[in-house]
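[1] Return atomic coordinates for the entry below.
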Amino acid sequence: MQQRKVLLAGGNLLQAHTWKGLLETSGIDVDLKGEALIGGVGGLPIEMQTVELWVMDSQLAAAQALLDSLDIEQPQWQCVQCHEMNEGSFELCWHCSAQKSEMHNA
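    A predicted model of the protein is given here:
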């Protein structure tokens, strides 16, 4: 059984559905997770309010290449060390230099 990995996390629900549709029309199977939690904004911790796009491990590179070719802005991410918000293109936290968390890809 193939593993799924997070392609993108963050952004908003409209962006996530747009990216999902784009990837699916290119033959990439995508799961959208976190959609039901959006209604809990304010009552849930910030790390639980994230919309995520998951793809099969074997399709991860193709999906990333497709989004990169369209120059799609990656959503911001929150540092797990200092909780600072970072631009999606940053691999390290601008505030404390911690690496971008890939805890969903473990």
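[2] Model confidence score at His104, please.
    Confidence at His104, expressed as pLDDT, is 38.
[3] Distance of the nearest residue to Gly34 once chain neighbours are set aside relative to Gln76?
    Leaving aside its sequence neighbours, Gly34 sits nearest to Val51 (C-beta to C-beta, 6 or more residues apart in numbering; 4.5 Å). (C-beta placed from N, C-alpha, C; glycine too.) With the distance defined as C-beta to C-beta, to the nearest Å, Val51 ends up 12 Å from Gln76.
[4] and the two? which has more neighbours close in?
    A count of neighbours by other C-beta atoms under 10 Å puts Val51 above the other of Val51 and Gln76, at 23 against 14.
[5] Surely that one touches Leu14?
    No: between Val51 and Leu14 there is no contact under C-beta atoms under 8 Å: 9.7 Å.
[6] Pull the distance from the lengthiest helix in the chain to the chain's centre.
    Counting residues, the longest helix in the chain under DSSP state H turns out to be helix 13-25. Centre-to-centre, helix 13-25 and its host chain are 12 Å apart (C-alpha atoms, centre = their mean, to the nearest Å).
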